[in-house]
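Participant: just coords:
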C-alpha cells in the first residue's frame, strides 16, 4: 500500500497497527528489504496495515513529522504512537518480530 501525506490520517483512523517503510528509488538497502515488506503485508493482511512511503513523492509532511533522516527507516506504530523502528536493512525475521510485538 502506498502511503503519503494525503492518505495517512485516513489510514491511521482505522485503528490498526501500522508499519511504515520509508524508502527511495535510489536506495540499495531499500530494494533489499522491499520484498520482505511485501511478504509481511500479505502475511498480516487484515491485522496490520503495511505501507510504503516514498520520500521522493508527496510525503514531505510525513518525513518531517517522523524525523526521517535515513532510508530505509521502518516505523512500527500502535495506537498512533511510534513503538519501535528499524533503520537500515535487516533480516525479515527482525521485521516480523516487531510486528508480532504489536499484536
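Facilitator: Perfect, thanks for sending it. The shown structure was predicted, so the numbers you read here are calculated from the model rather than taken from an experiment.

Participant: Next, the distance between the ends of stretch 50-63.
Facilitator: Stretch 50-63 has an end-to-end distance of 17 Å (Cα to Cα, to the nearest Å).

Participant: SS state for the residue lying farthest from the centre of the chain?
Facilitator: What lies farthest from the middle of the chain is residue 26; by Cα atoms, centre = their mean that is 17.5 Å. The three-state assignment at residue 26 reads coil, by DSSP: H, G, I helix; E, B strand; the rest coil.

Participant: What of residue 19?
Facilitator: Put simply, residue 19 is strand when judged by three-state DSSP.

Participant: circling back to that earlier point, give me the pLDDT for the residue farthest from the centre of the chain.
Facilitator: Residue 26 is assigned 97 on the pLDDT scale.

Participant: Tell me the spacing between it and residue 75.
Facilitator: Applying Cβ to Cβ, to the nearest Å, the value for residue 26 to residue 75 is 20 Å. Where you see a C-beta, it was placed from the backbone N, CA and C, and this is true even at glycine.

Participant: One more: residue 55?
Facilitator: Applying Cβ to Cβ, the value for residue 55 to residue 75 is 13 Å.
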